[in-house]
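A.B. asks: I need the structure of the sequence given here:
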Amino acid sequence: MKSVLTSLISGLLFGAGLAISGMMNPAKVVGFLDMLGNWDPSLAFVMGGALAVSFISYRLAAARSAPLFATAFQTPTQKQIDPRLIAGAVLFGLGWGIAGLCPGPAVAALVTGTTDILIFVGAMLGGMLVYRVVLER
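C.D. replies: Sure, this is the predicted structure:
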């Protein structure tokens, strides 16, 4: 039960952070990514704050032998950069630049119920389905 409550609180905190920072606003994100046009640098402070929190959190976690609600830390086993990773990163970046959304903010923005967000999340889920059906076989 503790891990469910911790997950709920973490998700709510993450969603609130996305909403407060403007990361759920596609126009703001595109403005940040448009460095050659009307650039909005305000999200750089959001990213800087996230890096600072992550840096401290990873240092604190490294000092522990195990997480609070699991027997061991789960770390990635794949260390190589392969064509699938590069293709996924390119698709992610292109989608983020075109739509101004990535999966986390898009899911959080579902509470707005706007058509654009619903279409984006639907397309994202469709892409996941295509990957699962076509590429995993």
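A.B. asks: how much space between the most centrally placed residue in the chain and residue 126?
C.D. replies: By CA atoms, centre = their mean, the chain has its centre lying nearest to residue 104, at 4.2 Å. Distance from residue 104 to residue 126, counting by CB to CB, to the nearest Å: 18 Å. (Glycine included, C-beta is placed from N, CA and C.)
A.B. asks: isn't residue 21 up against residue 43?
C.D. replies: Yes: at 7.1 Å, residue 21 and residue 43 qualify as touching, with contact defined as CB atoms under 8 Å.
A.B. asks: gap between residue 76 and residue 85?
C.D. replies: Counting by CB to CB - residue 76 and residue 85 are separated by 11 Å.
A.B. asks: when these two are compared, which one has more neighbours?
C.D. replies: Legend: neighbour count by other CB atoms under 10 Å for residue 76 and residue 85, higher for residue 85 (11 against 5).
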